[in-house]
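**Student:** A predicted structure for the sequence below; I have some questions about it.
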Amino acid sequence: MNNSGRVVYFNGKFVPESEAKISIYDSSLMFGDMVFEMTRSFNKKQFKLKEHLERLYNSIKITNIPIEMSINQMEEAVFETIEINEPFFNDDDEHRIMIDVSRGLLSIYQDVVSDYKGCNVIIADFPLRWTVSGMGELFDTGINAVIPSQKAIPAYLLDPKIKNRSRIHYLMANIEVSNYKGENNWALLTDTDGFIAEGTGDNFFIIKNNQIITPEGRNILRGISREYVLNELSKQLNIPVMEQNIEPYDVLTADEAFMTGTPFCILPVTSLNSQQIGSGQVGDLTKILIKTWGENLGVNIIQQIKKWNQSESTNPTGPSPYKFRKK
């Protein structure tokens with residue numbers, strides 16, 4: 001068995017990564033009843049951890065998971081997990097924290113398969129390069145966003161602002177888009193009214209007449225990276241922003257487009273359904289946003305991810321968080 005040396009925080013204890021397991025009778029497996037957050041570091045320092053934890057505890061509150069751990073205790077556990085795993089990271093690695101919180105065993109299985117009662121809190125720490133493997137070229141070519149038949153789930157059915165593991169609709173969208181011709185195809189979901197909503201783990205933006213425009217926060221997960229662009233980067237660069245309904249027409253007539261997500265920060269989108277956006281090249285303002293983000297944190301984001309691409313020797317198969325990979 002591959003022993004990475006890394007350990008996982010599991011309900012107050014640290015266990016080897018390969019041994020961190022929950023019961024097959026856990027509510028998360030039965031109902032997808034789990035909320036989560038995933039963060040990243042820049043130069044080994046966590047970025048927007050507090051904001052991620054606040055969103056996590058909002059999700060915990062709304063789903064009524066009976067957690068006894070305070071948000072401050074959760075933060076301490078994250079830092080402890082990072083500290084204990086640091087010796088097993090390369091010098092150029094970044095820490096990708098994954099926090100999962102489930103309700104725990106369904107009541108009919110309590111005292112039958114385990115005497116542990118209460119929710120599960122799991123904190124894993126693994127190299128960010130796993131998540132961004134193969135993305136380096138996308139900073140040069142951009143993504144082809146593809147609108148699948150699968151719709152985003154509207155807030156009146158299941159609020160997407162609760163970051164949860166019930167994401168089969170994301171996977172179905174990615175499976176459909178994997179059959180689309182060409183390369184670098186990523187799903188871009190529309191809501192039930194036909195307006196652009198979000199990607200399968202990322203937020204979407206267009207740029208028109210030097211203004212940043214993004215879908216309203218109603219039927220999407222309000223990403224931490226999205227908020228950073230809207231509330232900090234845009235102000236720093238004196239770029240006006242607007243949240244509004246966006247139609248596919250608006251995307252095709254935009255000057256530029258991009259996705260935001262915690263692991264990669266910003267990825268350019270250069271076409272929609274294989275029709276070019278603007279010049280069909282990575283836009284100048286998109287480049288400025290990526291560059292400034294990296295300068296603010298002391299990391300050349302594009303160079304870092306491209307370097308990891310070169311050092312990555314594996315050829316993964318199966319689904320990733322953002323697209324479905326066929327064998």
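**Tutor:** Received the coordinates, thanks.
**Student:** which residues sit in contact with the spatially most central residue of the chain?
**Tutor:** Centroid-nearest residue in the chain: Gly201, 4.6 Å away (criterion: C-alpha atoms, centre = their mean). By C-beta atoms under 8 Å, 6 or more residues apart in numbering, the contact set of Gly201 is Tyr170, Gly261, Pro321, Tyr322. From N, CA and C alone the C-beta is placed, and that goes for glycine too.
**Student:** again, only using 6 Å
**Tutor:** The contact partners of Gly201, by C-beta atoms under 6 Å, 6 or more residues apart in numbering, come to Pro321, Tyr322.
**Student:** Can you give me the pLDDT of it?
**Tutor:** Per-residue confidence (pLDDT) for Gly201: 96.
**Student:** Ok, the one 3 residues further on next?
**Tutor:** Looking at Phe204, its pLDDT reads 98.
**Student:** Does it lie in a helix or a strand, and which?
**Tutor:** According to DSSP states H and E, Phe204 maps onto strand 203-208.
**Student:** List the buried residues for stretch 151-171?
**Tutor:** Buried residues in stretch 151-171, counted by 16 or more other C-beta atoms under 10 Å: 151-153, 159-165, 167, 169-170.
**Student:** Just the terminal-to-terminal distance for it.
**Tutor:** Stretch 151-171 has an end-to-end distance of 12 Å (C-alpha to C-alpha, to the nearest Å).
**Student:** now swap in stretch 245-264 and tell me
**Tutor:** Start-to-end, stretch 245-264 (C-alpha to C-alpha) is 25 Å.
**Student:** Show me how far that stretch is from its chain's centre.
**Tutor:** Relative to its chain's centre, stretch 245-264 lies at 17 Å (C-alpha atoms, centre = their mean, to the nearest Å).
**Student:** And the residue nearest to the centre of the chain, how far from Ser225?
**Tutor:** Distance of Gly201 to Ser225, given as C-beta to C-beta, to the nearest Å: 11 Å.
**Student:** and what of Asp92?
**Tutor:** 22 Å.
**Student:** Same question for Arg325.
**Tutor:** 23 Å.
**Student:** Between these two, tell me which one has more neighbours.
**Tutor:** For Arg325 versus Ser225, neighbours defined as other C-beta atoms under 10 Å are more numerous around Ser225 (22 against 13).
**Student:** Give me the neighbour count for Lys326.
**Tutor:** 9.
**Student:** what's near enough to touch it?
**Tutor:** By C-beta under 6 Å, 6+ apart, Lys326 lies in contact with Ser178.
**Student:** Assign it to helix, strand or coil.
**Tutor:** Following DSSP: H, G, I helix; E, B strand; the rest coil, Lys326 is assigned to coil.
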